[in-house]
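Asks: Turn this into a structure:
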Amino acid sequence: MATNSIRLDQALIEKATIMAKALDRTTPKQIEHWAKIGEMMEDNPDLPYAFVKQAIIAQAEREAGKLEAYDFG
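Replies: Purely as a prediction, here's the structure:
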């Protein structure tokens, strides 16, 4: 994965650092997480945040092989 340096507001970095520590992430990963959510919310403005959050969790579970088949009956 290629990386680039960008300039960010110091207040944003400080807030991301606090959230990153609370959520056991690095500061750059926290900012990436926020960017990912922001992109999803802009692409799907009618979806509530809780739905988008659960979609991200479901994708991570699928990638980790932790999903089970649902039996419709």
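
Asks: In which helix or strand does the most centrally placed residue in the chain reside?
Replies: Residue closest to the mean C-alpha point of the chain, counted by CA atoms, centre = their mean, is His33 at 3.3 Å. Assessed by DSSP states H and E, His33 sits inside helix 27-43.

Asks: for Ala11, same thing?
Replies: Applying DSSP H and E, one finds Ala11 within helix 10-22.

Asks: Check which helices and strands that helix sits against.
Replies: Using 3 or more CB pairs under 8 Å, 6 or more residues apart in numbering; DSSP states H and E, the elements in contact with helix 10-22 are helix 27-43. Where C-beta positions appear, they are placed from N, C-alpha and C, glycine not excepted.

Asks: how far is the helix holding Ala11 from where the chain is centred?
Replies: Its chain's C-alpha centre and that of helix 10-22 lie 15 Å apart, by CA atoms, centre = their mean, to the nearest Å.

Asks: between it and helix 27-43, how big is the angle?
Replies: Put simply, helix 10-22 runs at 100 degrees to helix 27-43, going by axes from the mean of the first three to the mean of the last three CA atoms, to 10 degrees.

Asks: Name the residues of helix 10-22 that are buried.
Replies: 16, 20 (16 or more other CB atoms under 10 Å).

Asks: Likewise for stretch 51-63?
Replies: Result for stretch 51-63 [16+ other CB under 10 Å]: buried residues Val52.

Asks: Show me the contact partners of it.
Replies: 36-37, 40-41, 44, 67 (CB atoms under 8 Å, 6 or more residues apart in numbering).

Asks: please redo it, this time with the cut-off set to 7 Å
Replies: Applying CB atoms under 7 Å, 6 or more residues apart in numbering, the external contacts of stretch 51-63 come out as 37, 40-41, 44, 67.

Asks: quick one: the lowest-mean-pLDDT helix or strand in the chain to chain centroid distance?
Replies: The least trusted helix or strand in the chain, going by mean pLDDT, DSSP states H and E, turns out to be helix 49-63, with a mean of 92. Remark: helix 49-63 is offset 9 Å from the chain centroid, using CA atoms, centre = their mean.
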